[in-house]
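Asker: quick one, structure for this:
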Amino acid sequence: MRPAHADLVKQKGISDAHFDAVAPHVDATRVELSVPPEIAAVVMGAAGGLRDAVLIR
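Answerer: Numbering: from 1, shown residues only. Reported below is the predicted structural model:
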């Protein structure tokens, strides 16, 4: 995750606010694809665990 997002953090300044802004889009896609909320919770928990790696912390 770090190498894939390093330029976005350094050059574009992505932050926690950007990371958080993705969640509603992911949830809307989940609803559209009829993914059960229980599965979405597991996926979102895993994604949340990547926050520091994405934001190079």
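Asker: could you check how far the residue of the chain positioned farthest from its centre is from Ala40?
Answerer: Centroid-distance maximum for the chain: Ser34 at 19.3 Å, with CA atoms, centre = their mean. Applying CB to CB, to the nearest Å, the value for Ser34 to Ala40 is 11 Å. Placement of C-beta: from N, CA and C, glycine included.
Asker: can you check Asp52 too?
Answerer: Using CB to CB, Asp52 is found at 22 Å from Ala40.
Asker: so what's Lys10 up against?
Answerer: Residues in contact with Lys10 (CB atoms under 8 Å, 6 or more residues apart in numbering) are Ile56.
Asker: mind pulling up the pLDDT for it?
Answerer: Lys10 is assigned 95 on the pLDDT scale.
Asker: cool, and Pro36?
Answerer: Note for Pro36: predicted pLDDT of 95.
Asker: what's the longest helix in the chain?
Answerer: If you go by DSSP state H, the chain has its longest helix at helix 16-32.
Asker: buried residues of whatever helix or strand comes next after that one, list them for me.
Answerer: Next along the chain after helix 16-32, taking DSSP states H and E as the criterion, comes helix 37-48. Within helix 37-48, the residues scored as buried using 16 or more other CB atoms under 10 Å are Ala40.
Asker: same question, stretch 1-20
Answerer: His5, Val9, Ile14, Phe19.
Asker: element containing the first one?
Answerer: Secondary structure here is read from DSSP H and E; on that basis His5 sits in helix 2-7.
Asker: and that helix, what does it pack onto?
Answerer: helix 51-54 (3 or more CB pairs under 8 Å, 6 or more residues apart in numbering; DSSP states H and E).
Asker: any idea of the mean pLDDT in the helix it packs on?
Answerer: For helix 51-54, the mean pLDDT works out to 95.
Asker: for that helix, packing partners?
Answerer: Under the contact rule (3+ CB pairs under 8 Å, 6+ apart), helix 51-54 is packed against helix 2-7, helix 16-32.
Asker: buried stuff in that helix?
Answerer: Val54.
Asker: going forward, the N-terminal residue is numbered 502.
Answerer: Sure, I'll start numbering at 502, so the last one becomes helix 552-555.
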